[in-house]
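[1] just need the structure, nothing else, for what follows:
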Amino acid sequence: FKYPRKENAVIKNLNFISNSGERLALVSASGGGKSTITKLLLRFFDPTEGNIFINGINLKTLDEKSLRKLVTIVPQDPFFFDTTLYNNLLYAKPSATEKEIISAAKRANSHEFISKLPEGYHSMIGERGGFLSGGQKQRIALTQAFLKNSPILILDEFSSALDTKNESEIRKTIEETTAEKIVFIISHKADIIKSAHRILFL
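    Sure thing, here's the model as predicted:
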């Protein structure tokens, strides 16, 4: 794959299979192609050569709506709308019940701090989540991911703003609750990388 108007390929001769129940860490130097792989999985771009398949289905044949049901990304800097925290969570799963939302929040270690907000789950969080700290935003993004429950989960530096305690507890939850998912992990933290079943070094 090479980006438009760029001469050199970012990724060359890459071929791998990842199975359900596997956590795969993507490791490289800066600019080595980790984030590019996530963009290809989300079809922000298509491969310049070759193909990507999910259960034998070529990604190029999937429409955006179908693909978004299959793949969820938890980015380093999540985006939120200027509305209540509850409404932001519903974007992940519009049909979610309050019980489902609270359950997902507890798994992401966000229920406790949400409960302490002025209006709890119905508190306004500001433009781009400006009323929340970096660690709180990452935990809300994880709550959305647990709520959506798609079969492929991309964790892109998802714990960069978390303290050691929250990171450890969330890592344990991910290990316990992703047995039937494919999880791609991008991280510079050794403990996070070591929690993967395999490491793909680019």
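[2] correct me if wrong: Thr173 contacts Arg107.
    Yes - shown here, Thr173 and Arg107 form a contact pair, counting by CB atoms under 8 Å, at 5.1 Å. Bear in mind the C-beta positions are built from the backbone N, C-alpha and C, glycine included.
[3] which one's more surrounded, the two?
    Neighbour count, other CB atoms under 10 Å: between Thr173 and Arg107, Arg107 has more, with 20 against 16.
[4] wait, what's in contact with the more buried one?
    By CB atoms under 8 Å, 6 or more residues apart in numbering, the contact list for Arg107 reads Leu142, Thr143, Phe146, Thr173, Thr177.
[5] go on, Phe81?
    Going by CB under 8 Å, 6+ apart, the list of residues near Phe81 reads Asn87, Asn88, Tyr91.
[6] that's a helix at the first one, yeah?
    Think Asn87. Yes - the assignment for Asn87, made by DSSP: H, G, I helix; E, B strand; the rest coil, places it in a helix.
[7] can you report how many residues lie near it?
    15.
[8] cool, Phe184 as well?
    Phe184: 24 neighbours (other CB under 10 Å).
[9] quick one: it and Gly126, what's the gap?
    Distance from Phe184 to Gly126, counting by CB to CB, to the nearest Å: 30 Å.
[10] likewise for Asn13?
    45 Å.
[11] of these two, which one has the most company?
    Using other CB under 10 Å, the more surrounded residue of Asn13 and Gly126 is Gly126, with 13 against 7.
[12] so the more buried one is in contact with Asp82, correct?
    Yes - the pair Gly126 / Asp82 is scored as a contact, 6.2 Å apart, by CB under 8 Å.
[13] now the helices for this protein?
    Residue ranges of the helices in the chain, as given by DSSP state H, are 34-41, 64-70, 85-90, 98-107, 111-115, 134-148, 164-177, 190-194.
[14] can I get the ones you listed in a markdown table including distance to Ala9?
    Output for these, formatted as a markdown table (distance: least, CB to CB, whole Å):
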| stretch | distance to Ala9 |
| --- | --- |
| helix 34-41 | 10 |
| helix 64-70 | 23 |
| helix 85-90 | 37 |
| helix 98-107 | 39 |
| helix 111-115 | 43 |
| helix 134-148 | 30 |
| helix 164-177 | 32 |
| helix 190-194 | 25 |
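[15] now, of those helices, which is deepest in the fold?
    Stretch with highest mean neighbour count among those: helix 134-148 (a mean of 23; mean count of other CB atoms under 10 Å).
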